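[1] all I have is the shape, not the residue letters:
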């Protein structure tokens, strides 16, 4: 029996304090010197992600997969985010630690290994994002959770604005896997003046639970 | 000249997020009785209007939707709401 090794394309220039092997991924649950004040960036590449595409997308709507009716809307829970991209497509991001089995239907495509998945959260997050994109993620027309599709650091991304207000604003975003190194470099560089630090998965879970 | 395009899914965005898809010439001609000359005209010949033109755009850096819109080529301003095909 040979075990495969699944590798995140994201690396940070910090020492992991705790690492867990989960479904063949090495998941950093905590970094050294995360600090108590954000902002933070967390690698979530190991989280299962799907694209769902169908001419009649709403026919796939169910309690297990609550597809929003309006473009840009998101059904967010502690288990997953279902983002409506356009007339025929939705993206599904799972947050669970458990392995998630994809339905054996042609509408589903697994994108976990094809994309990068990052969380950027904590104070001053939107000061960082406005250095990287001309998309107004903090605009008054955005009612979180809401999906914005557009260039972030010149790379086409799906950006989920999870929270705009309070102490813990933040976004989750995905882009093609090949951009991982440069994307992280650009975000860390933009966040340097705000003391952006890499954080493990535990802190990201706390953030999401705090919002929900 | 600055250009903004209104995507029917994402709203008004910077023109650099889009790819121009050419003039909207209507439905492709019927196969029946189609001559190479007619097909060549349909594919390659453009009106190049100095004024309001119906054209295709693709939201390359965003939602990936193809849509058509009317743009005044002399002012680079959109004239009407975009329309998803």
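    The structure has been received and is ready for your questions. Remember, it's a predicted structure, so these values are computed and weren't measured experimentally.

[2] residue 42: neighbour count?
    Looking at chain A here, since you left the chain open. Counted by other Cβ atoms under 10 Å in any protein chain shown, the residues lying close to residue A:42 total 25. All C-beta atoms are positioned from the backbone trio N, CA, C, and that covers glycine.

[3] chain B was what I was after
    For residue B:42, the tally of surrounding residues (other Cβ under 10 Å) stands at 14.

[4] what's the helix or strand where it lies in contact with?
    Secondary structure assigned from DSSP states H and E places residue B:42 in helix B:36-44. Contacts of helix B:36-44 from elsewhere in the structure, counted by Cβ atoms under 8 Å, 6 or more residues apart in numbering or on different chains, are B:25, B:28-29.

[5] pLDDT value on the residue positioned nearest the centre of chain A, please?
    A centroid search over chain A (Cα atoms, centre = their mean) returns residue A:172, at 3.5 Å, as the residue closest to the centre. The pLDDT attached to residue A:172 in the predicted structure is 97.

[6] following the strand ranked longest in chain A, which helix or strand shows up next?
    If you go by DSSP state E, chain A has its longest strand at strand A:155-163. With elements assigned by DSSP H and E, the helix or strand that comes after strand A:155-163 is strand A:170-176.

[7] can you list the strands that that next one pairs with?
    When pairing is defined by DSSP bridges, strand A:170-176 lines up against strand A:115-121 (antiparallel), strand A:155-163 (antiparallel).

[8] which is the succeeding secondary structure element to the shortest one?
    Yep, that's strand A:115-121 we're talking about. Per DSSP H and E, the first helix or strand lying C-terminal to strand A:115-121 is helix A:125-132.

[9] what is the mean pLDDT for the following helix or strand past that following helix?
    Next in sequence after helix A:125-132, counting helices and strands by DSSP H and E, comes strand A:146-152. The pLDDT scores in strand A:146-152 average 97.

[10] and strand A:146-152, what does it pack against?
    For strand A:146-152, the elements it packs on are strand A:155-163, judged by 3 or more Cβ pairs under 8 Å, 6 or more residues apart in numbering or on different chains; DSSP states H and E.

[11] got the end-to-end distance for stretch B:41-50?
    This stretch, stretch B:41-50, spans 20 Å end to end (Cα to Cα, to the nearest Å).

[12] likewise stretch B:8-18?
    Counting by Cα to Cα, the length from the leading to the trailing residue of stretch B:8-18 is 13 Å.

[13] residues contacting it, please?
    With contacts defined as Cβ under 8 Å, 6+ apart, stretch B:8-18 is touched by A:71-72, A:85-87, A:134, A:148-151, B:2-7, B:57-63, B:65, B:67, B:81-84.
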